[in-house]
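Q: Dropping a prediction and its sequence here:
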Amino acid sequence: MLREHGRDFPKTDPAESGGPPQALAILLVPFGTKRLFFTSTDRGAAATNQFHFQVLDGYFTSAWFSLHVLFDPLYLFPPFETHHGLKMFMASRIQTRAFSASARNLSKVTVLGAAGGIGQPLSLLLKLNPRVTELALYDIRGAPGVAADVSHVNTKSNVKGYEPTPSGLASALKDAEVVLIPAGVPRKPGMTRDDLFNTNASIVRDLAKAVADSAPNANILVISNPVNSTVPICAEVFKAKGVYNPKRLFGVTTLDVVRASRFVSEIKKTDPANENITVVGGHSGVTIVPLFSQSNHPDLSSNAELVNRVQFGGDEVVKAKDGAGSATLSMAMAGARMAESLLRASQGEKGVIEPTFVDSPLYKDQGIEFFSSQVELGPNGVEKILPVGKVDAAEEKLLDACFTDLKKNIEKGKAFVAENPGN
């Protein structure tokens, strides 16, 4: 274990990582640090490696650095007279270690609907992710062009756009670890996510069939709305194909949490990164239930205007764009964040938790087969579904309203596949 001021950090088993043991430590580095010592003791294969940190002639400030340290016998960092010098030295070490680590974790990510309003910025964000080594882009038109554009971004991943043919789709999906589905038509003013159902349901059904045939073991992230119905559509298709794995099917509801944290920070004048707001339920209107009573600001639970803004934040964007689109950029960010979390978990990182709409046991006794809540991710997808926790009276009412609509949304998706199995 790594230990820093009494805090333990897990080390990576070389048998799991394919290389020398490593650890990632977050250290508070004094502004006036002259030297920083890292020593290791090794008494054989069964011994515990320990690092002892010694700071000479330093004093504390609020500067944080991420040090990716190999278990070498000794690291002695040279003296740095300035904060900038130390920061630049650390950055060079981080970059070197990051490339060596990512090379051992090859990850192909596929985007179905890559040329659309969400698909294009999503593809760009994935190209910037060092965990992605191969990026496959597919759409009914324009994917090769998007791929050519994104491929010029100077990161190490390879990008390829695929033609809209059955063989092109199969090739895009082959060996994918993560598949994101933002395909479909966007909302226009006056439309709800549910209004998109008739068009997007067929699109998602057909893409799900291709995923079942060509990438049955991939983690599937459904972005196409209405998520409350399109996720059950995918599940029914996978069941019919005999490849349904509830641990690997996710509806992306991350944007609801992102919005909630931002809206709270605007009210409280805080950093949204420090606002951990739990949002449960579904991903449409009243099925979105923010649990402010569990946050740092339980008084906000009674703020009906804020609750409504979280539930219908997408309408705000649709109206502002005046018919020219929906929440494409923020949704792309949310999808990229969810994909990043899955990749981190699949590569062995522990304690990765994201809100997501999954096959859940939490309310199945009430006929709710799918539900969005905090989920701990792991190498096999869903590792653990966390309980909703204590809610106040106002949130109980919100959950009751959620259940009524959510159950109908789920049944609508299931019925669509039963009535329209497709070819």
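A: Yep, it's here. Residues are numbered from 1 along each chain as shown.

Q: Surely Val211 touches Val179?
A: Yes - with contact defined as Cβ atoms under 8 Å, Val211 reaches Val179; the gap is 5.8 Å. For every residue, glycine as well, the C-beta is placed using N, CA and C.

Q: Show me where the chain dips below the pLDDT cut-off.
A: Residue ranges of the chain with pLDDT under 70: 1-105, 193.

Q: on that earlier part again, what touches both of Val211 and Val179?
A: The overlap between the contact sets of Val211 and Val179 (Cβ atoms under 8 Å, 6 or more residues apart in numbering) consists of 112, 173, 218, 220.

Q: Mind checking which of those residues are in helices?
A: Counted as lying in helices by DSSP state H, out of those, are Leu173.

Q: Let's have the shared contacts of Val211 and Val179 in JSON lines, adding distance to Ile385 and neighbour count.
A: Shown next, in JSON lines, are those (distance: Cβ to Cβ, whole Å; neighbours: other Cβ atoms under 10 Å):
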{"residue": "Leu112", "distance to Ile385": "26", "neighbour count": "33"}
{"residue": "Leu173", "distance to Ile385": "27", "neighbour count": "24"}
{"residue": "Ala218", "distance to Ile385": "20", "neighbour count": "23"}
{"residue": "Ile220", "distance to Ile385": "17", "neighbour count": "27"}
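
Q: can you tell me which of the shared contacts of Val211 and Val179 are in strands?
A: The strands, defined by DSSP state E, take in 112, 220 from the shared contacts of Val211 and Val179.

Q: ranges for the helices of the chain?
A: 14-17, 83-102, 119-127, 143-151, 166-173, 197-214, 227-241, 254-268, 304-311, 313-320, 328-346, 393-419.

Q: Which one, of the ones you listed, ends up nearest to Val375?
A: With Cβ to Cβ, the closest approach to Val375 among the helices of the chain belongs to helix 328-346: 9.6 Å.

Q: Using CSV, list the CA coordinates for the closest one.
A: Listed next in CSV are the C-alpha coordinates belonging to helix 328-346 (Å, rounded to 0.1, in the frame of the first residue of the first chain):
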residue,chain,number,x,y,z
THR,A,328,-26.7,18.6,-28.0
LEU,A,329,-23.4,20.0,-26.5
SER,A,330,-24.2,19.4,-22.8
MET,A,331,-25.6,16.0,-23.7
ALA,A,332,-22.4,15.1,-25.5
MET,A,333,-20.4,16.1,-22.5
ALA,A,334,-22.6,13.9,-20.3
GLY,A,335,-22.3,10.9,-22.6
ALA,A,336,-18.5,11.3,-22.8
ARG,A,337,-18.4,11.5,-19.0
MET,A,338,-20.4,8.2,-18.7
ALA,A,339,-18.2,6.5,-21.3
GLU,A,340,-15.0,7.7,-19.4
SER,A,341,-16.4,6.3,-16.2
LEU,A,342,-17.1,2.9,-17.8
LEU,A,343,-13.6,2.8,-19.2
ARG,A,344,-12.0,3.7,-15.9
ALA,A,345,-14.0,0.9,-14.2
SER,A,346,-13.2,-1.6,-16.9
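
Q: circling back to that earlier point, more neighbours: which of Val211 and Val179?
A: The residue with more neighbours, out of Val211 and Val179, is Val179; 27 against 24, by other Cβ atoms under 10 Å.

Q: Test of understanding: give the bridge partners of the more buried one.
A: Thr110, Ile220 (DSSP bridges).

Q: I'd guessed it sits against Ile220; true?
A: Yes - here Val179 reaches Ile220: they are 5.2 Å apart, a contact under Cβ under 8 Å.

Q: Need the residues touching each of these two.
A: With Cβ under 8 Å, 6+ apart as the test, Val179 and Ile220 both reach Val211.

Q: and Gln366, which of the helices of the chain is closest to it?
A: Across the helices of the chain, Gln366 has its closest neighbour in helix 393-419 (6.1 Å, Cβ to Cβ).

Q: Relative to His283, which of the helices of the chain is closest?
A: helix 227-241 (4.1 Å).

Q: who does that closest one touch, helix- and strand-wise?
A: The contact analysis (3 or more Cβ pairs under 8 Å, 6 or more residues apart in numbering; DSSP states H and E) places helix 227-241 against helix 197-214, strand 219-222, strand 249-252, strand 352-359, strand 370-378, helix 393-419.
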